[in-house]
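**Student:** This is a predicted model, with the sequence first.
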Amino acid sequence: MKPVRLVAIAVLALTALTVFGARYLAPAGYEQQFREMPQAAPSVHHLLGTDDLGRDRWARLLYGMRVSLTLAPLAALFTTVLAGLVGGIAGYFGGWTERCCKLLIDLFLSVPWLFLLITVRAVLPLNVSPEASVMVTFALLGLLGWAASARVICAGAKDLMKSEFIWMARASGFSGFKLVRLHLLPNLRGALLAQFWISIPVFIIAEANLGALGLGVAEPLPSLGSLLRELQDAIMLRPEPWRLLPLAVLIVIISSFQVLLNKQEVRS
Amino acid sequence: MLRFWSGAGLRLVSVMLMASFMGAMLMRIAPGFSSDDQELNSGLSAQSIQAIRRVHLMDADIPHFYAQYIAALVRGDLGTSRSLNQPVKQLLRERLPVTLVNLAFALAMGWLLGLALAIGTELWDVPALNFFANALSGTFISTPAAALALVFLLLRWPPAFAAALLVFPKIYRYAQNLLQQSSEMPHVLTARAKGAGPLRVLAWHVAPIALPQMIALVGVSISIGIGVLLPIEVVSDVAGIGQLAWQAAQARDLPLLVNLTMVVTFVTVCATLISDAAQRGLSRSAA
């Protein structure tokens, strides 16, 4: 294994440990305010200082990573299931069904989905709870991000339907659900798994974009995206460069995912 | 050829209609659609608030709204923006060129940088260059557009350059992969074995195979470019359609949003169709 892949695995393993051990590593809860010391500089008690409301930045980073890295895989799972359904149906049935599914896929691919996401996310009520906002944000990501994966699955299913072993299975009397369950799905598992892994960093970045625009997870719940909002106070970045740490962490995590993903998968 | 273009035209119209309808539908089913920030304004009378609610209710019946919208569109009327109180046609006329100029710059720079690095790494197998190109593309593919726009704002660099840096990794990775695959083909290996130099191999044997697929990427890169320009325009306060979409979404301005969805879809589908046609043409002439 290449050293760079080992480093990526180590980074992601460390991230996972940090995220799940947030409760023990964080000096305080993500919403706990130290009102006597807002905008404090890094110290032994507050490793990354405190934000405008006196909340510990290190704690918010840990919990923010937990939110993003737990829900992005869930959204990726949702999108993979959707892609598997649409792509699988298109590839399995062919003909008009395939054309209709492809039109749907084209439709979703034609509109930049960040555009749709911002549109839909912006019309959520202003008084939505943090928990609901985080669920809605990632559910929307899953709902709108399936099209590219569906195209890959459709092509895979179509190729499989032409393969000899499927013909033999059909000749042996396999059809419908049994054919899908025993022959199609096991052979599409690799493609589905690849699409799942590819979707995770894409969704983390999409959430970060939404968060930076103020449309991600509602306060006080942190996420990697909502932590980037602190960058908007651009004048403070020079005297307080530690504000850039959430961005650096995000880049390192996404880069690690990119390194780990198979070259072909990333580039397909 | 006629069949291709008629099919493409049909696809363009149907995708545009479906995209704008989908945008309107998604807006409608969002729980906050019927609410308006102005309702919180304590200075407004009960009648004014009722009037605001009535305006929102007019848009609530999406099929009705959409049928009226299409009928007006056929007459060349794109409607009036509720939030900005200006004709949508005028807003698009003002904002679209700004986005198109930024998009053209971002794509040109992104392609130039991506292709230059991909060709460079293919021609000279220098580990340092490979590392630099991979690190650069890895960094920018992992950076959210909004965050990069903020950094550019801080550095006072042009926002279109941020978009270029976000488009470039996709071009570089795809081009590098394509060039690598093409250079492993038997006739390329034969050319090398016969003593053809790297530049000659690239120009005469690798590029002709890779070109049709690279052209297909043009359409995709336009979609990527629009996607990254949206948050960049919002953060950098660039008066393009990305910022307009953001303002329309914030104000729940359905007529403006439906038109913007149409425009964005039109640009991306047209680009994809043109690149598909060019790809077909090149593949045929190569065959």
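**Tutor:** Yep, it's here.

**Student:** Looking at residue B:158 now. What's its pLDDT?
**Tutor:** Reported pLDDT at residue B:158 in the predicted model: 91.

**Student:** again with the one 3 residues further on
**Tutor:** At residue B:161 the predicted local confidence, pLDDT, stands at 93.

**Student:** And the lowest mean pLDDT element among the helices and strands of chain B?
**Tutor:** When the helices and strands of chain B are scored by mean pLDDT, DSSP states H and E, helix B:46-60 comes last with a mean of 70.

**Student:** where along the chain do the helices fall?
**Tutor:** In the absence of a named chain, chain A is used. For chain A, the helices defined by DSSP state H cover A:3-20, A:22-25, A:57-93, A:95-110, A:113-122, A:130-144, A:147-162, A:164-171, A:176-179, A:185-212, A:224-227, A:245-260, A:263-267.

**Student:** right idea, wrong chain: chain B
**Tutor:** Remark: helices assigned in chain B by DSSP H are B:2-29, B:46-60, B:62-74, B:88-123, B:127-141, B:145-155, B:159-183, B:186-193, B:198-201, B:207-236, B:241-250, B:254-286.

**Student:** list the buried ones in the fourth one?
**Tutor:** Applying a neighbour-count criterion of 16 or more other CB atoms under 10 Å in any protein chain shown, one finds B:88, B:91-92, B:95-96, B:98-99, B:102-103, B:105-107, B:109-111, B:113-115, B:117-119, B:121-122 buried in helix B:88-123. In this view, the C-beta of every residue, glycine as well, is placed from N, C-alpha and C.

**Student:** same thing with stretch A:100-115?
**Tutor:** A:101-102, A:104-115.

**Student:** Stretch B:156-166 too?
**Tutor:** With burial defined by 16+ other CB under 10 Å, the residues of stretch B:156-166 counted as buried are B:159, B:160, B:161, B:162, B:163, B:164, B:165, B:166.

**Student:** which one of the residues you listed is nearest chain A?
**Tutor:** Lowest distance from chain A to these (CB to the nearest CB) belongs to residue B:166, with 10.1 Å.

**Student:** Could you find the closest non-adjacent residue to that closest one?
**Tutor:** Excluding its sequence neighbours, the residue lying closest to residue B:166 (CB to CB, 6 or more residues apart in numbering or on different chains) is residue B:228, at 4.4 Å.

**Student:** For the one you found, list the residues it contacts.
**Tutor:** B:106, B:145, B:162, B:163, B:166, B:167 (CB atoms under 8 Å, 6 or more residues apart in numbering or on different chains).

**Student:** quick one: contacts for the second one?
**Tutor:** What it means is residue B:145. Neighbour list for residue B:145: A:209, B:162, B:163, B:166, B:227, B:228, B:229, B:230, B:231, B:232 [criterion: CB under 8 Å, 6+ apart].

**Student:** would you list the residues you listed in JSON lines and tack on distance to residue A:130?
**Tutor:** Converted to JSON lines, the contacts of residue B:145 look like this (distance: CB to CB, whole Å):
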{"residue": "A:209", "distance to residue A:130": "19"}
{"residue": "B:162", "distance to residue A:130": "30"}
{"residue": "B:163", "distance to residue A:130": "31"}
{"residue": "B:166", "distance to residue A:130": "29"}
{"residue": "B:227", "distance to residue A:130": "27"}
{"residue": "B:228", "distance to residue A:130": "28"}
{"residue": "B:229", "distance to residue A:130": "30"}
{"residue": "B:230", "distance to residue A:130": "25"}
{"residue": "B:231", "distance to residue A:130": "22"}
{"residue": "B:232", "distance to residue A:130": "27"}
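
**Student:** Compare the helices of chain B and say which comes out lowest on pLDDT.
**Tutor:** helix B:46-60 has the lowest average pLDDT among those, namely a mean of 70.

**Student:** Could you check how far residue A:144 is from residue B:104?
**Tutor:** For residue A:144, the distance to residue B:104 equals 27 Å [CB to CB, to the nearest Å].

**Student:** Please apply the same query to residue B:198.
**Tutor:** Where residue B:104 is concerned, residue B:198 sits at a distance of 32 Å (CB to CB).
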